[in-house]
Structure formats: C-alpha cells, structure tokens
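*Asks:* let's see this in three dimensions:
(chains A and B)
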Amino acid sequence: MYKILPCALLLAAGLMAGTTVSAQTAMQPAGSNAGGDAYPTAPRDPSLKPVFEQFGGKPGLVALMNDFMDNLMADPVTRPFFQNADREHIKVELVDQFCVILDGPCSYTGRDMASVHRGMNVDRADFNALVEDLQKAMSKHDIPFRAQNKLLAKLAPMNRQIITKP
Amino acid sequence: MHKFRRQKLLLVGALALAGGLVSLQAIAADGGDPADNVSGKLLLTGGVSQIEGSAGGGLTPWALIGSYGTQGQFGANAFYTRVNVQDYHLDDAGAMFGIDNRVEFSVAQQRFDTEDVGAALGLGRGFSFRQNVIGVKVRLFGDAVLDQDSWMPQVSVGAQYKSNNQGAVLHAIGAKSDHGTDYYISATKLFLSQSLLLDATVRFTKANQIGILGFGGDKHNSYQAEFEGSVAYLLSRNWAIGAEYRQKPNNLGIAKEDDWYDAFVAWAPTKHVSLTLAYADLGNIVIKDNQHGLYASVQVGF
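*Replies:* Residues are numbered from 1 along each chain as shown, chains lettered A, B, ... in the order given. This is a model prediction of the structure:
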C-alpha cells in the first residue's frame, strides 16, 4: 500500500498542472452552455418560496439591494466594477433576478450573466468580496442566516459565468 | 526547564511571525490597492489549524487550502493549541502558508508532557516528547464552497513528515522508528443550503498516537489506512459547531491506542483571528485510560 501512495502523490502533482489547463478549457464551453444559452440567470426554484417570504417579499429585496449597492460602492475591491455603471438599473435587474430564483412573482428580462460580465476581468477574490458585501447587507436586514445561505447556494455556481480572470 | 524555555521561544516566534504577517497585510493594504492580493476567501472557508498544523478541523485535515488567500493570492497564519486531559497535556504551535488556493505548506511543533505518568514510568516527572511536523497539501480538483450545484467535493492530497526527539525511549517501548510520513486524501464539501460542511479523510500512517509514541511497533509495522471525518454546522458567518472522529492504528503491544473524538465550537470574529474550543476524548494513552478534556486553539493571520 505504501508503495502506491508516493506514486499517487507524484501523479497528483503531475495532474495538477494538467487539470488547471484542462479545467479552463473544459469550463468555458460548459459555462456558456449552462449560463448563456440555456437560461440567462439561475433558474426559479419553487422550494425557495418560504425563503422569498423571509427576505420580505419584493419590497424586502428592493430595500436589500439599496444596502447591497451601498456596500459594493464602499468596498474598494468591488467599487471599480460599479462606479461607472448604471447602478439603479443594476439594482432593478438584481431584484428581479433574486425574486425569480426565490420563486417570487417576477420575471427576469435582463441579459445573461456571461455576456454581462464579459471583459470585466472579475477574479475569484472580487467575486468573494461581492458575496461578503451581500452577506453584510442581508445581515443588516435581519434575514436569517440559513435563508441567506439558501440564496447564496443558488448564486454561487454563477461564478463560472462571472469569473473570467483565472 | 530548558525544554520549557524552548517551547516558549517557539510560541513567541509563532506570535511574532503572526504579528509580522498581519502588519505585512496592513502594508499591502496601504499600498493603494487595498486587500486586492490578500484575504479574498470567505470567512471560515480556510478551516482552522488541525493538531499537525494542516488546515482542517481540530483533529483531521480538510481538503480546503489554509489561510484566506484565494486564487491569485497568498495567505498565512500561525496557531497555538493546548490540549489538557487528566494525566497529560499537549502544547502545539505552528504556521502555514496557502498559495493560489492550490498548495499549502505547514510546520508545527508538538510538545507532549507526561506529567506524573513520566515519574511512574521512571522517565521523570514532566518528561516530554517533542515532535516536529512539516506538511504539504495540494488541491486536486473541486471547489468546496462555490460548486453548490453539484455533489462533487473539493479533493486534496497531502503529506505530513514527522520527527520525534525521543528515539531511545520510543525504541524501548517497541516503536520501530522515531520519524515517519503520513499520507492522506481528503474530500470536503460545504452544503450551503443546509449550512453544513462535511469532510472525509483517509490517512495512510504508521504513527503511534500521531507520532508522539513513534512509528510502527511490535504488533504492526506497515502503513494502515485510517478513516477520519468531520461535520460542521454553520450557525452564522462567525460561528460554527461540529464534531470529529479520527481512527488510529494500534501498533504497540505495550499500550492500547483508541480512536479520537471531539466536539467543537469555532469563532472567527474577523479574518485575522479565530478561536476554537473543543471537548476531546482521546481514550487510552499508555497507562492511563479514558483521557478526555479541553482542546483550545487560537489562530491569527490573513
């Protein structure tokens, strides 16, 4: 058994370089299929209707988005991505997007996540910073932690459309 | 006394390193591009420092890469851990570096104090075993945090090289070596919808009581696969509770070795500090059975 392991570790080390490259090439078509063509954002999930209520319905989402955008503008990591954007429009689109995911009475008519973020050079640290700004806003609005995580679980996979800088 | 001073020196060294790390980060933040190259990971998603210095729970390594450095970043932290059971105590200090959310390097030094048992065994009261551990871990694939639309865990492999300073005593009790290397593979997944983190680790090891009692023995002297597992429930962004299990080999004829368990609460008020408190059940250790008590750990870094 112990003869296999060093080999496995070596193999792993060898694979490491390989997987980085192949993951990038494999991820891109998978990403655009899932996020670009099939649907513009994360899909509606009927099981999250109770979470929609915990967010205070659509008025709750509107209030949340105001604080979220304030946090994004106050955060030096995320501000560059939003300071020259139409922030009021982004807030409206985000309300619709979250509302749809949480099975609220809304429809999302905005662009898909991949094309919106193309060329923006968002990296993983930027994405995580945005998540933290959203967490802070949700906590400020007293949204229960478990409800927060249910929404974040739906948003997290969109990192594949949003993060374009390896 | 001399050993104690050395231990203290290590602790001071670790704290100084940690202080240095935090100010390094402050300098980086002053450099006009605040927090752009450090601490890009979400709170508690680097785990804490496990007993051998790798990122994980308290007893077992996780597939997560330690520190708050995410892709394209680096991060580091230092820790100090104290375990107090009825007849022994363990002081444990170390540091780790995480690079690009891909590779983790760690060092740790454990000092296991036999208190009165040392006198009973004729070694002298407060006789101590000191063990140094050098660890490396590589993330193979998966993303425990972001891949929330699949069951695929984050998977990493790692190695921990350990060397114990009491070779003569170890040989006398039947251990075959005073140094050895553990190899492990870990799968970790955060189930965000359930606020639940699960880890399963398989460790290939010859270590007796994680190496404190040497490596290999009169009963077995080959690598054995041991299972380790953790479950953690996230109470909030800053608080997590959980439990762990660590299966152990039983190589020495002189003393039965039991599997370890713990139940923990971890608190991370910021990304620069975390505190972990646990109740640990370590079972039989040499001539003393049913050893259980408090595990306390502090970690600082970025």
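
*Asks:* could you confirm whether stretch B:85-99 reaches chain A?
*Replies:* No: on the criterion CB under 8 Å from any CB of the partner chain, stretch B:85-99 is out of touch with chain A, staying 12.2 Å away. Any C-beta I mention is one placed from the backbone N, CA and C, and that applies to glycine too.

*Asks:* quick check: mean pLDDT of that stretch?
*Replies:* Average pLDDT, stretch B:85-99: 96.

*Asks:* interface residues of the stretch 51-200 of chain B facing chain A?
*Replies:* B:70-73, B:101-102, B:138, B:140-141, B:145-149, B:157, B:159, B:183, B:185, B:192-193, B:195.

*Asks:* filter the residues you listed down to the ones in strands?
*Replies:* Among these, DSSP state E puts B:138, B:140, B:141, B:157, B:159, B:183, B:185 in strands.

*Asks:* what's the spacing between the residue nearest to the fifth one when sequence neighbours are not counted and residue B:251?
*Replies:* If you skip the residues right next to it in sequence, residue B:159 has residue B:183 as its closest partner in space, 5.2 Å away by CB to CB, 6 or more residues apart in numbering or on different chains. With distances defined as CB to CB, to the nearest Å, the gap from residue B:183 to residue B:251 amounts to 17 Å.

*Asks:* higher neighbour count, those two?
*Replies:* The residue with more neighbours, out of residue B:183 and residue B:251 and counting by other CB atoms under 10 Å in any protein chain shown, is residue B:251; that gives 26 against 21.

*Asks:* before we move on, the earlier item: return the members of the residues of the stretch 51-200 of chain B next to chain A classed as buried.
*Replies:* Buried members of these, scored by 16 or more other CB atoms under 10 Å in any protein chain shown, are B:70-73, B:101-102, B:138, B:140-141, B:145-148, B:157, B:159, B:183, B:185, B:192-193, B:195.

*Asks:* walk me through the domains of chain A.
*Replies:* For chain A, the structural domains run A:1-38, A:40-162, going by automatic domain parsing.

*Asks:* which stretch among those domains comes nearest chain B?
*Replies:* domain A:40-162 (2.8 Å; CB to the nearest CB).

*Asks:* would that closest one count as contacting chain B?
*Replies:* Yes: using CB under 8 Å from any CB, we find that domain A:40-162 touches chain B at A:76-77, A:123-126, A:128-129, A:131-132, A:135, A:139, A:145-146, A:149-150, A:152-154, A:156-157, A:159.

*Asks:* from the chain's centre, how far out does that domain sit?
*Replies:* Between the centre of domain A:40-162 and the centre of its chain there are 7 Å (CA atoms, centre = their mean, to the nearest Å).

*Asks:* start to end distance for it?
*Replies:* 12 Å (CA to CA, to the nearest Å).

*Asks:* cool, and stretch B:51-66?
*Replies:* Using CA to CA, the end-to-end distance of stretch B:51-66 comes to 14 Å.

*Asks:* those helices in chain B, which residues are they?
*Replies:* B:2-30, B:115-120, B:167-172 (DSSP state H).

*Asks:* kindly report the residues of the stretch 201-302 of chain B close to chain A.
*Replies:* Counting by CB under 8 Å from any CB, the residues of the stretch 201-302 of chain B near chain A are B:204, B:222, B:223, B:224, B:225, B:234, B:235, B:236, B:237.

*Asks:* for these, give me TSV that also has pLDDT.
*Replies:* Listed next are these as TSV, based on pLDDT from 0 to 100:
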residue	pLDDT
B:204	98
B:222	96
B:223	98
B:224	97
B:225	98
B:234	94
B:235	94
B:236	93
B:237	90
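
*Asks:* are any of those buried, and if so which?
*Replies:* B:204, B:223, B:224, B:234, B:236, B:237.

*Asks:* just checking, residue B:218 touches residue B:171?
*Replies:* No: counting by CB atoms under 8 Å, residue B:218 does not reach residue B:171; the two are 10.9 Å apart.

*Asks:* which residue does the stretch 201-302 of chain B have closest to chain A?
*Replies:* residue B:223 (3.8 Å).

*Asks:* isn't that residue right up against residue B:202?
*Replies:* No: applying CB under 8 Å, one finds residue B:223 not in contact with residue B:202, separated by 11.4 Å.

*Asks:* what bridges to residue B:189?
*Replies:* As for beta bridges, residue B:189 partners with residue B:198 under DSSP bridges.

*Asks:* neighbours of it, how many?
*Replies:* Neighbour number of residue B:189 under other CB under 10 Å is 23.

*Asks:* for it, what are its contacts?
*Replies:* Residues counted as contacts of residue B:189 (CB atoms under 8 Å, 6 or more residues apart in numbering or on different chains) are B:144, B:151, B:152, B:153, B:154, B:197, B:198, B:199.

*Asks:* and residue B:173, by the same measure?
*Replies:* So residue B:173 contacts B:213, B:214, B:252, B:254, B:255 (CB under 8 Å, 6+ apart).
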